[in-house]
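Q: Below: sequence and its predicted model.
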Amino acid sequence: MKVGISNLEETPLLKLDGDIDHSNCGTLEKALEEVIDPQTQAVLLDLESVDYIDSGGLSVILATLRQLRGRGWLGAIAPNGNVTRLLEIVGLLVDPHFRVFADRDEAKAYLAKAAG
């Protein structure tokens with residue numbers, strides 16, 4: 001898995017490429033530690049190029065959500081059907097601190113609306 005770090009409307013954006021599993025979830029965890037500080041209110045994960053997430057990757061996502069809970073939210077951009085189903089099974093799709101966006105444009109529009 002590769003991780004690219006950028007921003008979307010001043011919100012940290014991690015572009016993930018490849019499966020997220022036990023062998024590489026530490027890479028995701030380190031990237032998230034890099035972009036999250038006590039003032040961070042939201043983080044976006046671009047999952048468009050992720051086909052599979054195992055329990056190790058899911059654990060990192062859930063830990064990040066717990067870290068942001070109470071002050072903000074975690075967002076997923078363009079998860080495929082399998083990843084969306086996993087997010088649904090673990091209850092993230094009904095969590096008020098988790099957002100799913102069809103694409104970057106939808107996420108950008110949401111961020112612009114929330115800021116203005």
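A: Nice, I can see it.
Q: Could you look up the SS state of the residue nearest in space to the middle of the chain?
A: Centroid-nearest residue in the chain: residue 45, 3.1 Å away (criterion: CA atoms, centre = their mean). The local conformation at residue 45, judged by DSSP: H, G, I helix; E, B strand; the rest coil, is strand.
Q: So what sits opposite it in the bridge?
A: Beta-bridge partners for residue 45, by DSSP bridges, are residue 14, residue 76.
Q: what's the average pLDDT for stretch 81-91?
A: Here stretch 81-91 scores 97 as its mean pLDDT.
Q: Tell me which stretches of the chain form strands.
A: Shown for the chain, the strands assigned by DSSP state E span residues 2-8, 11-17, 42-49, 73-77, 98-101.
Q: Now do the longest one and strand 2-8, the angle between them.
A: Put simply, strand 42-49 runs at 130 degrees to strand 2-8, going by axes from the mean of the first three to the mean of the last three CA atoms, to 10 degrees.
Q: Strand 42-49 - contacts with which helices or strands?
A: Under the contact criterion of 3 or more CB pairs under 8 Å, 6 or more residues apart in numbering; DSSP states H and E, the helices and strands touching strand 42-49 comprise strand 11-17, helix 55-68, strand 73-77, helix 104-115. For every residue, glycine as well, the C-beta is placed using N, CA and C.
Q: Now with 7 Å, please.
A: Packed against strand 42-49 by the contact rule (3 or more CB pairs under 7 Å, 6 or more residues apart in numbering; DSSP states H and E) you find strand 11-17, strand 73-77.
Q: what do you get for the second one?
A: Helices and strands in packing contact with strand 11-17 are listed as strand 2-8, helix 25-35, strand 42-49; criterion 3+ CB pairs under 7 Å, 6+ apart.
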